[in-house]
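Asks: predicted structure and sequence below. I'll ask about it afterward.
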Amino acid sequence: MAHEVLLPQWSMGMQDGQVTRWLKAPGDPVADGEAIAEVESSKVAGELLADRAGVFLRALVEVGEVVPVRTALCLIGAPGERIDAGAALARDAASTPIAPAPQRPAPSAGNATQVTPRARKLAVEHGIDLTQVRGSGPDGRIVEADIEALLGQVSDGTYSLAQRRGRIAERLLASLHGSAQLTLSRDIDVTDLTDWRARLPFRAGWGDLVGYAVSRVLGGHPPFNGTVEGDRVRIGSQVNLGFAVALEGGLVTPVIHDAGSKSLQNLTELTAELVSRARSGTLRPQDVDGGTFTLSNLGGHGIDAFTPIINPPQIAILGLGRVREVAQRSGDGIAWRQCMTVSLTFDHRIADGVPAAVFLQDLAQFLSRPEGFQSSA
C-alpha cells in the first residue's frame, strides 16, 4: 500500500510550508532517509527526507503550493505498485517532469512562491510571515521593498498581528487550548555551582548548565520527556533538548539531539552554533525537528520567574529565571546565597503534580552540587 510522506512541523511557529523543488520523479528508487524534495517555511529551509525505502510514486502537491503541516506531499510504494489515481496517471507522471501546472495563477499574498534573498533575510530578522505578504516584483515576487514597506506600517503604532506574529500567536493559543497546563516553581541554591562555573576553562551560560542537568535528570522522569498528539503519547528514548531563541518579532526553538550524551563543553558549543544559525536564518530542518523537552531562559533579561507555555506537541517546558542573591539563615546569623527560580509547565493530562515536584527536586539536587558536572568539565 502506498505510504504518504507528510510535511513535518520543524518549529513551534511553523504551520505551513511549500515544496520548492522535487528531487525525485515518479518511478525513481528511494532509500530510507534519502532527500526527496527541498521544502521551506518562513524560518526554516531544508530537505524532506523519505521515512522508508521504496519507489517514488507520485507528488501530491505542486512546487510553490503552500500547504499546512501534516499535509501529504507525495507517495512512496513498492516497485510496480498502482496508485488510486490509476496506472495511466502514474505513467504520465513518470514521463513528465514535476513542475507547476502552466495554468497556475500568479502568486498572491496567500501563496507567494518567490522571495528574493534580501527580502527573506529581512523578514526572518523581523519575524514577518511571508505567506501574508503581497509581492510587488515580477510574477508576484516578494522583494526587499515589500518587507520595508510592511515594517513602515508600524510608524503610527499599529500593525497586523497576522503578518508580524500570526503563526506564533496561533500556535501559543492552540497550546493553551489543547492541553491542561500546570506550572510548578522552585528556588534552587546554585552557590557552589556558581563558584565552580567561574573556574571553567570555557564559557558556559546558565542555560547550558541547566540544559546539561536536565538532560541527565530527565531520564529518571520519562512522563515529562516526550510528545502528545491527540490521545497518543510518545515518550522519548533520549532527551532531544530544545531551547527558545528570540528573534525580532518571533521565536524559534532549535534542538540538541540526544543531549544526554553530550559533554558540557560540547553542549555549550552546539548551543552557540544553533543560536547563530537561528539569528542568520540558516537553520536546517534537522536543527528544529524532534524535540522532546524545551528550555526557555529569561534570566539574562533580569526576570526572576515566569510561566512558560508548552511548545506543542511536547509535554513539558522549563523556564529559567536569573541567578540572584538571597539572604538565608545560617546558624545564628544570615548568609547570602546564589539562587535561581525554575518553573516547570507540564500537561496535567499526562502527569500529576507530585511527579513534577519530584522532578524539580532531583533537578535542584543536581544543580546544587557541582559533582554531577565534574566528569564533563
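Replies: Arrived safely.
Asks: mind listing what the nearest residue to residue 238 once chain neighbours are set aside touches?
Replies: Closest residue to residue 238 apart from its sequence neighbours, by Cβ to Cβ, 6 or more residues apart in numbering: residue 258 at 4.6 Å. Where C-beta positions appear, they are placed from N, C-alpha and C, glycine not excepted. For residue 258, the contacting residues are 238, 239, 240, taking Cβ atoms under 8 Å, 6 or more residues apart in numbering as the criterion.
Asks: buried residues, stretch 294-308. List them.
Replies: By neighbour count with 16 or more other Cβ atoms under 10 Å, stretch 294-308 contains the buried residues 294, 295, 296, 297, 298, 299, 305, 306, 308.
Asks: in strands, which of the residues you listed fall?
Replies: In strands, judged by DSSP state E, the following of those are found: 294, 295, 296, 297.
Asks: gap between residue 343 and residue 301?
Replies: Taking Cβ to Cβ, to the nearest Å as the measure, residue 343 and residue 301 are separated by 15 Å.
Asks: could you do residue 365 as well?
Replies: Using Cβ to Cβ, one obtains 27 Å as the distance from residue 365 to residue 301.
Asks: then residue 274?
Replies: The spacing between residue 274 and residue 301, counted by Cβ to Cβ, is 19 Å.
Asks: same check on residue 366?
Replies: When distance is defined by Cβ to Cβ, residue 366 is 25 Å away from residue 301.
Asks: can you check residue 369 too?
Replies: Here the criterion is Cβ to Cβ. By it, residue 369 lies 27 Å from residue 301.
Asks: the helices in the stretch 151-300 of the chain, which residues?
Replies: Counting by DSSP state H, counting those that start in this stretch, the stretch 151-300 of the chain forms helices over residues 161-177, 191-198, 206-217, 264-280, 285-288, given from the N-terminal end onward.
Asks: pick the most deeply packed of the ones you listed.
Replies: Comparing the helices of the stretch 151-300 of the chain on average neighbours per residue, with mean count of other Cβ atoms under 10 Å, the densest one is helix 206-217 at a mean of 23.
Asks: same for that one, what does it pack against?
Replies: strand 241-243, helix 264-280, strand 293-297, strand 316-330, helix 353-368 (3 or more Cβ pairs under 8 Å, 6 or more residues apart in numbering; DSSP states H and E).
Asks: which residues does residue 367 contact?
Replies: Residue 367 sits next to 188, 190, 193, 209, 210, 213, 340 when contact means Cβ under 8 Å, 6+ apart.
Asks: one more: residue 17?
Replies: Remark: with contacts taken as Cβ under 8 Å, 6+ apart, residue 17 is in contact with 7, 10, 39, 40, 41, 66, 67, 69.
Asks: and it, that's in a strand?
Replies: Yes: with DSSP: H, G, I helix; E, B strand; the rest coil as the criterion, residue 17 is located in a strand.
Asks: the closest residue to it other than its chain neighbours: neighbouring residues, count only.
Replies: In space, not counting the residues next to it along the chain, residue 17 is nearest to residue 41; the distance is 4.1 Å by Cβ to Cβ, 6+ apart. By other Cβ atoms under 10 Å, 26 other residues sit near residue 41.
Asks: now residue 41: how far from residue 279?
Replies: Summarising the geometry, the distance separating residue 41 from residue 279, computed by Cβ to Cβ, is 17 Å.
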